Structures are given as C-alpha cells and as structure tokens.
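J.: Please find the sequence and the predicted model below.
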Amino acid sequence: MKKWLNRIPSWLKNRYLLVGAVFLVWMLFIDTNSWWFHRELNNEINELEEATEYYKGEIVNDSTVLFDLDSNPEALEKYARENYLMKKDNEEVYLFVDPKEDDKQ
C-alpha cells in the first residue's frame, strides 16, 4: 500500500493545494454565482444593449417619418401609394415583383 503512495508527487499530497484547487473549480464552474454564469449574463447584457441601440435608431427613423406624414400631404400620399398600393380612380397600378424576393417568401 505504501508503494503507490510513494509514487504520488509531494505537491499533490499537500491538502491546502487540493482544497484550493477544489475551491477554484467550484467557484469558476459549479457555484450559482460562478464565473461561467456571469460570463453568460454579460454576453446577454451586451446583446440587449445592442438591441436597445437598434430600437432607439428605429424610433428616431419612425418619428421622422411620422412627423413628415403629419406635416406633408404629398409625403402621406406617396407613403400610401408605395406601402398600401393605393391609387386614384383614373389610374392603373402595375406591380413588378422581383423573382428572387418572391422565392424568399
């Protein structure tokens, strides 16, 4: 029994090193407040901040379009014609569809 015990290096027999290594592994990976968990949360926070910036930009764009639609009747007519395919009584509307975009839907 002592023969295999002599083959183990002395630094592995140090109980403080073993407890420290177990503590380090526990804190880095296993604990609920582990480094791994915090890294995932930080990644999620970064994604949410990017989404926030994107939506703030979209809000600014939509606000300018909305202001333009409220203040300019020609812009309102143009918007209605382009997005809702509205037309006047005495005209015809031709819709050209790109085949590549038709395949995506």
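T.: Structure received.

J.: how about low-confidence regions in the protein?
T.: 1, 102-105 (pLDDT under 70).

J.: From A80, how far off is E101?
T.: 22 Å (C-beta to C-beta, to the nearest Å). In short, each C-beta sits where N, CA and C put it, glycine included.

J.: repeat for E44
T.: 40 Å.

J.: Those two: which is more packed in?
T.: When E44 and A80 are compared for neighbours, A80 comes out ahead with 13 against 10, by other C-beta atoms under 10 Å.

J.: Return the residues in contact with the more buried one.
T.: Shown in contact with A80 (C-beta atoms under 8 Å, 6 or more residues apart in numbering): M86.

J.: Please, which helix or strand holds it?
T.: helix 73-84 (DSSP states H and E).

J.: cool, and N90?
T.: N90 belongs to no helix or strand, assigned by DSSP H and E.

J.: What's the local residue count around it?
T.: Neighbours of N90 using other C-beta under 10 Å come to 5.

J.: How about L69?
T.: By other C-beta under 10 Å, 15 other residues sit near L69.

J.: Pretty sure L69 is one of the things A75 touches, is it not?
T.: Yes. With contacts counted by C-beta atoms under 8 Å, A75 reaches L69, the gap being 5.7 Å.

J.: Need the overlap of contacts for those two.
T.: Joint contacts of A75 and L69 (C-beta under 8 Å, 6+ apart) do not exist.

J.: And Y55, how close does it get to E47?
T.: Look at Y55 and E47: by C-beta to C-beta, they are 13 Å apart.

J.: Next: E91.
T.: E91 is 47 Å from E47, by C-beta to C-beta.

J.: The two: who's more crowded?
T.: Legend: neighbour count by other C-beta under 10 Å for E91 and E47, higher for E47 (10 against 7).

J.: any idea how far the helix or strand hosting that one is from the chain center?
T.: In the assignment (DSSP H and E), E47 maps to helix 35-71. Using C-alpha atoms, centre = their mean, to the nearest Å, the distance from the centre of helix 35-71 to the centre of the chain it belongs to is 10 Å.
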